[in-house]
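Q: Fold the following, please.
(chains A and B)
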Protein chains: 2
Amino acid sequence: MMPPTSQPDAIHDLRASWSALSVDERVRAFERLPRDAAAAFFQELSSHEQAELVLAMPEGERYLWLRLLAPDDAADLLQQVEPEQRQELLHLLDQTTQKEVSALLAYKEDEAGGLMSPRFARVRPDMTVEEAIAYLRRQSRHLETIYYVYVLDSQQRLLGVVSFRELLSAPAGRPISSIMHEDVVAVPESLDQEAVAQLFRQHGFLALPVVDDQGRVQGIVTSDDIVDVLQEEATEDIQKIGGMEALGTPYLRTPLFEMVKKRGGWLTFLFFGGTLTATAMGYFEQELSRAVVLALFLPLIIASGGNAGAQATTLVIRAMALSEVHMSDWWRVVRKEFVSGLALGCLLALVAIVWVIVWELVLGLYGEHFLRVGLSVALSLVGVVTWGTLAGSTLPFVLRKLGLDPASASAPFVATLVDVVGVVIYFSVARLVLSGTLL
Amino acid sequence: MMPPTSQPDAIHDLRASWSALSVDERVRAFERLPRDAAAAFFQELSSHEQAELVLAMPEGERYLWLRLLAPDDAADLLQQVEPEQRQELLHLLDQTTQKEVSALLAYKEDEAGGLMSPRFARVRPDMTVEEAIAYLRRQSRHLETIYYVYVLDSQQRLLGVVSFRELLSAPAGRPISSIMHEDVVAVPESLDQEAVAQLFRQHGFLALPVVDDQGRVQGIVTSDDIVDVLQEEATEDIQKIGGMEALGTPYLRTPLFEMVKKRGGWLTFLFFGGTLTATAMGYFEQELSRAVVLALFLPLIIASGGNAGAQATTLVIRAMALSEVHMSDWWRVVRKEFVSGLALGCLLALVAIVWVIVWELVLGLYGEHFLRVGLSVALSLVGVVTWGTLAGSTLPFVLRKLGLDPASASAPFVATLVDVVGVVIYFSVARLVLSGTLL
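A: Numbers count the residues shown, from 1 in each chain, chains lettered A, B, ... in the order given. This next block holds a predicted model:
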């Protein structure tokens, strides 16, 4: 990898307008760039954009761009195209890279093997420090990073690791085996990328070796790859929390139909959830027709429960994603949320009572029983907010227990759950408080 | 930085139970670990946890742990303690580190200067490749990373950069100035950490130099620091999207009162938003008392608008955070969301009409005018969902324009906005469709 250098203005301009251009416009804009700027810009693009661009180019030019990419990036690009075109593009690479890329294509994109680069620095344990440095100097053109140097036996099995810095400061004649660290953290090739990212996050590593089930090193994952993984995973979670399927593509590049499909499914599901609320209200039609004033506060009360639930579920989903909260913590979380919910419910109840009294005194909106109406609202808020908080904090645990993604316990999903129960709580409280007066 | 090595089982056990332990229990558990395991574990902890632990230790032991930390990590720890203790702990460091850490403490935690390490690899332009390598070998013990080597003049101003790999493969006698890259991407020391992270994400850098306003290099930021920044920023956004202030501390370690405060503020604000809905409903009390059946569908309709709004705002907030969408894209976004909202509204309208007809035929719930009721519901859904989508996609732009954080356009905030208008849309449609029959 080249050191980061700034690019000429042409790139800045292109970057700013890029997302608005059609593929053909992109190819033309791209071909107007000076060669080195184009190369730098090409490497910045997502693999999806690179694939689009390469396929839109004249066939004779394609290899020029493909050969700019490191094997892991080339493999990512090839994942983006149809199988028949994949073979064709693969053959444009030089022989060594072709072999490396084919091996990488066997991995799923979202596991350690799919993230790794096969070009890592390796030495034998019986080399001296001086020999290893000389060997790495000759190899260094072909390596992704020389930050860590891996010590392998003749079967490519991992024996140890030494940082290049340690290598440089060690006495020249010492054998590598005497300066290497033997208990190396290595990740299995099929480990999920989210788990790999957690390892990087926890330990602050710059690179980790990836091994197959025989302990043979297949490649390395570097922390710049992890930066992308973390962004992707956070984006997925955020979109799920917003109550939809994760898009998987940048917003402006997602076709409209695709987007409506990913949002419509959840909206329809939530709509059916909402019909339960309508059904629950059917049971209280009599109360409603006798005291229409009750209906006025209904949206306010169920919304408060939904809001409290959205807060709780968001907190728990994120804490789980960061491994701050584990399944075994569920009881601690539920206790904490119960107390929080109760406190928040009481806070809102107080606000509500003051609000009803003030408005009655100012505008006389709620009739002679305004104090009892206010009391119904306040007591319901305590119940609904506590329930919302409990439901919101429990649902991610339930989903994970069922083997589903906790992030599907989205804010809208929790709000829908809370609405049904909120209706029942509100009308039940109102029956008690208002019986003999309004009801 | 040492290469990553695996730790004994004792650490695994401690890591699993850590979050449940009190500070005193942590100190005791920590002191039972073998010395090297304790050192590895200490470096994994967050600066907040490190600070707690160090302060809970006997004074005579503190320096042992503080001196394990690189200057940027030591500075992070010191940021976590009260000013009077900060001086005391600072004096436990060795003289060189004390100076470095003091310099770092002058930066805000969330800007480039606050992320950087002052221990980077530097050479002079007139050194030969061989001299530079020999010089770096002597220095390497004291460096954070030797991945990139920065070329500085006598005033410490940045002249160029060369990767260590390039240095190794260059002819021994060439001067550095002839192999260095001159147009280096450097970040100003006060650049916000989110902007720094975007640079890393876009370009896949492993390290970037930080310069003061004279162009003098102050340190480097490495991509492992960025991994933490990205997690932090995503957590903040997710918590704001959930409708609360960002906690800033891990969930289980956040004191209850602190948490209730950060959630209660927004809940109360949203409650007052909700009272607008109650007020809006007051204007339709007459319609409500004549056709109570209308009330049954109200929560369903406004919830659908809120859900559609939550989807739209979440998508736009995240796309902005990833720089996929800029302020100048607002009109494209609004157009796209208008069409999506209309499509989603029509989808739900269809589902609703079928649902009302089926339930009427099965249970006879909605009286003789069920078709008109169904039509009111369906038409309202088109309006409310389109409005929700538009409001949800516009609000983040409005907030950013006002200089506020777009992520504050949380799902609950948008839902509250949508509720008020939803009530008005629903009753207005019902007046039109049902006038002469139910109304």
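
Q: The residue lying closest to A:Arg141 once chain neighbours are set aside: what's it in contact with?
A: Nearest residue to A:Arg141, sequence neighbours excluded (Cβ to Cβ, 6 or more residues apart in numbering or on different chains): B:Ser169, at 5.3 Å. Heads up, the C-betas are built off the backbone N, CA and C, glycines and all. Contact partners of B:Ser169, counting by Cβ atoms under 8 Å, 6 or more residues apart in numbering or on different chains, are A:137-138, A:140-141.

Q: Just among those, which is most surrounded?
A: The most crowded member of the contacts of B:Ser169, judged by other Cβ atoms under 10 Å in any protein chain shown, is A:Ser140 (20 neighbours).

Q: Make sure it is actually in contact with B:Ile133.
A: No. Assessed by Cβ atoms under 8 Å, A:Ser140 is found out of contact with B:Ile133, at 11.9 Å.

Q: any shared contact partners between those two?
A: Residues touching both A:Ser140 and B:Ile133 (Cβ under 8 Å, 6+ apart): B:Leu168.

Q: where's the spatially most central residue of chain A, which helix or strand?
A: Centroid-nearest residue in chain A, with Cα atoms, centre = their mean: A:Glu233, separated by 1.9 Å. Counting by DSSP states H and E, the element that carries A:Glu233 is helix A:223-241.

Q: got the CA coordinates for that helix in PDB?
A: C-alpha atoms of helix A:223-241 as PDB (Å, rounded to 0.1, in the frame of the first residue of the first chain):
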ATOM      1  CA  SER A 223      -7.400  -2.800  10.800                       C
ATOM      2  CA  ASP A 224      -8.200  -0.700   7.700                       C
ATOM      3  CA  ASP A 225     -10.500  -3.600   6.500                       C
ATOM      4  CA  ILE A 226     -12.100  -3.600  10.000                       C
ATOM      5  CA  VAL A 227     -12.900   0.100   9.700                       C
ATOM      6  CA  ASP A 228     -15.200  -0.800   6.700                       C
ATOM      7  CA  VAL A 229     -16.700  -3.800   8.500                       C
ATOM      8  CA  LEU A 230     -17.600  -1.700  11.500                       C
ATOM      9  CA  GLN A 231     -19.300   0.900   9.400                       C
ATOM     10  CA  GLU A 232     -21.200  -1.700   7.500                       C
ATOM     11  CA  GLU A 233     -22.400  -3.500  10.700                       C
ATOM     12  CA  ALA A 234     -23.400  -0.200  12.400                       C
ATOM     13  CA  THR A 235     -25.300   0.800   9.300                       C
ATOM     14  CA  GLU A 236     -27.200  -2.500   9.300                       C
ATOM     15  CA  ASP A 237     -28.100  -2.100  12.900                       C
ATOM     16  CA  ILE A 238     -29.200   1.500  12.600                       C
ATOM     17  CA  GLN A 239     -31.400   0.600   9.600                       C
ATOM     18  CA  LYS A 240     -32.900  -2.300  11.500                       C
ATOM     19  CA  ILE A 241     -33.500  -0.100  14.600                       C
END
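
Q: is it anywhere near chain B?
A: Yes. Applying Cβ under 8 Å from any Cβ of the partner chain, one finds helix A:223-241 in contact with chain B at A:223-224, A:226-228, A:230-231, A:234-235, A:237-239, A:241.

Q: buried ones in that helix?
A: A:223-241 (16 or more other Cβ atoms under 10 Å in any protein chain shown).

Q: And stretch A:350-359, by the same measure?
A: The neighbour-count check on stretch A:350-359 (16+ other Cβ under 10 Å) flags A:351-353, A:355-356, A:359 as buried.

Q: all helices of the stretch 101-250 of chain A, in order?
A: Assigned by DSSP state H, counting those that start in this stretch, the helices in the stretch 101-250 of chain A fall at A:112-115, A:129-139, A:164-169, A:176-179, A:193-203, A:223-241.

Q: give the contact list for A:Thr313.
A: A:241, A:392-393, A:395-396, A:409-411, A:413-414, B:242.

Q: scratch that, A:Val187 is what I was asking about
A: The neighbourhood of A:Val187, defined by Cβ under 8 Å, 6+ apart, consists of A:112, A:195-196, A:199, A:208-211, A:221.

Q: Now flag whichever of the residues you listed is closest to B:Ala308.
A: Nearest to B:Ala308 out of the contacts of A:Val187 is A:Ala195 (Cβ to Cβ; 34.1 Å).

Q: where in the stretch 251-400 of chain A is pLDDT low?
A: The stretch 251-400 of chain A contains residues with pLDDT under 70 at A:365-367.

Q: likewise the stretch 101-250 of chain A?
A: Ranges of the stretch 101-250 of chain A meeting pLDDT under 70: none found.

Q: Show me what residue of it gets nearest to chain B.
A: Nearest residue of the stretch 101-250 of chain A to chain B (Cβ to the nearest Cβ) works out as A:Gly242 at 2.7 Å.

Q: State the distance from that residue to A:Ala407.
A: 10 Å (Cβ to Cβ, to the nearest Å).

Q: just A:Ile302 next, same as before
A: 23 Å.

Q: With A:Ala170 instead?
A: The separation that A:Ala170 has from A:Ala407, given Cβ to Cβ, amounts to 47 Å.

Q: ok, the two, which is more surrounded?
A: Legend: neighbour count by other Cβ under 10 Å for A:Ala170 and A:Ala407, higher for A:Ala407 (25 against 20).

Q: residues contacting the more buried one?
A: A:236-237, A:240-241, A:317, A:321, A:396.

Q: Skipping adjacent residues, who's closest to it in space?
A: A:Lys240 (3.9 Å).

Q: Could I get the full set of helices for the stretch 251-400 of chain A?
A: Under DSSP H, counting those that start in this stretch, the stretch 251-400 of chain A gives helices at A:256-282, A:285-290, A:293-321, A:330-363, A:370-401.

Q: quick one, what contacts A:Gly422?
A: So A:Gly422 contacts A:301-302, A:305-306, A:380, A:384, A:387-388 (Cβ under 8 Å, 6+ apart).
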